[in-house]
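Visitor: Need coordinates for the below:
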Amino acid sequence: MRFLARAKRSPTLLVGAGMLTLIIAAAILAPVLATHDPSQQNLAAILQPPSGTNWLGTDQLGRDVYSRMLFAARTDLSIAGIAVVTPFVVGVTLGLIAGAVGGWVDWVVMRLTDTVVAFPFTVIAISISFAVGAGATGIVVAVAYIGWVVFARVVRGSALRMRDAGWLAAARGLGYSPWRILVRHLLPNVMPQAIVVLMTELVVIMVAVVTFGYLGLGVPPPTPDWGTMISEGQAFVTTKWWIPVIPGLAVVTCGVALSLTGDGLADVWKVR
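Guide: Sure thing, here's the model as predicted:
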């Protein structure tokens, strides 16, 4: 209840959560909201401007841009959501154990993170995608391999600050097992910061998903994808600007919604 009361007083969170809710709702309801089959070609109506028939115009194959935008949101948000689960779980788990236990466990986890961040994200992601193959699987594997590092470092730092707190010392004095202390007492106190980082990382992952699509390493055609739409439409940016610009604006809007939500949650939870 206290969280809800503070959330209502945070315009940043309200605006961000509202925007994000609308985007997710549009993606879920894409089959209902779409006016055309997103993959249906109409070569007699290629590169048409926005009209009553095609609300956001058509692309170089006569496909309805509006309908493709909705289904592309469904594709990219689904991949980003799936891709963030594994690094979140792995990163939070390793960071929590490293910060709470310390010693050689902490040293091993930190050396693993140092090894991963020593290589550029883009190079590793593209290499993994080529090895696994283009498509959602390659994106998920690439993000899982790299993304856990941020969560591990943040959670480790929080756990280190709390490790010697009086209330944890009291729990140890009562004879609670280490696992109970980790799961029942320490984990709930580091989760707010981890969730704020999750929202920030979702922005990075969304950009990565779109970048993969732009480079031709995303989901294969004819499945709609914002990155692919931008890539296919860039040749027409000076003549039929709506083809690449509209999906680009969708990516920016989604990123702003996630960022505002993360900032709002940080304010509500007083995460710094």
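Visitor: how many other residues sit next to the residue lying closest to Leu160 once chain neighbours are set aside?
Guide: Nearest non-adjacent residue to Leu160, counting by Cβ to Cβ, 6 or more residues apart in numbering: Gly99, 4.5 Å away. Where C-beta positions appear, they are placed from N, C-alpha and C, glycine not excepted. A count of nearby residues for Gly99, using other Cβ atoms under 10 Å, gives 26.
Visitor: what's the spacing between Gly99 and Ile195?
Guide: From Gly99 across to Ile195, the span is 17 Å (Cβ to Cβ, to the nearest Å).
Visitor: From Val219, how far off is Ala142?
Guide: 14 Å.
Visitor: More neighbours: which of those two?
Guide: Between Ala142 and Val219, counted using other Cβ under 10 Å, the more crowded position is Ala142 (26 against 23).
Visitor: pretty sure the more buried one is in contact with Gly135, am I right?
Guide: No: judged on Cβ atoms under 8 Å, Ala142 makes no contact with Gly135 at a distance of 11.3 Å.
Visitor: just the helices in the stretch 1-150 of the chain please.
Guide: Assigned by DSSP state H, counting those that start in this stretch, the stretch 1-150 of the chain shows helices spanning 2-8, 11-28, 30-33, 65-101, 103-117, 121-132, 136-162.
Visitor: May I see the buried residues of the fifth one?
Guide: When neighbours are counted by 16 or more other Cβ atoms under 10 Å, the buried residues of helix 103-117 are found to be 106, 109-110, 113, 116.
Visitor: what pLDDT, on average, does that helix get?
Guide: Mean pLDDT, computed over helix 103-117, is 85.
Visitor: which residues are in contact with that helix?
Guide: Residues outside helix 103-117 that contact it (Cβ atoms under 8 Å, 6 or more residues apart in numbering): 94-95, 97-99, 145-146, 149, 152-153, 156.
Visitor: Next, the angle from that helix to helix 136-162.
Guide: 140 degrees (axes from the mean of the first three to the mean of the last three Cα atoms, to 10 degrees).
Visitor: Can you give the distance from helix 103-117 to the centre of its chain?
Guide: 24 Å (Cα atoms, centre = their mean, to the nearest Å).
Visitor: the inter-axis angle of that helix versus helix 121-132?
Guide: 80 degrees.
Visitor: ok, the closest residue to Asp225 other than its chain neighbours - contacts?
Guide: The shortest distance from Asp225 to any non-neighbouring residue, by Cβ to Cβ, 6+ apart, is to Gly213 (4.1 Å). When contacts are counted by Cβ under 8 Å, 6+ apart, Gly213 is found next to 76, 219, 225-228, 230-231.
Visitor: just those residues now: which is nearest Asn189?
Guide: Asp76 (32.9 Å; Cβ to Cβ).
Visitor: neighbours of that closest one, just the number please.
Guide: By other Cβ under 10 Å, the burial measure for Asp76, its neighbour count, is 29.
Visitor: same thing with the one 3 residues further on?
Guide: Using other Cβ under 10 Å, the number of residues around Ile79 comes to 26.
Visitor: Over to the one 4 residues further on?
Guide: Applying other Cβ under 10 Å, we find 24 other residues in the vicinity of Ala83.
Visitor: Would you check how far apart it and Phe151 are?
Guide: Distance from Ala83 to Phe151, by Cβ to Cβ: 13 Å.
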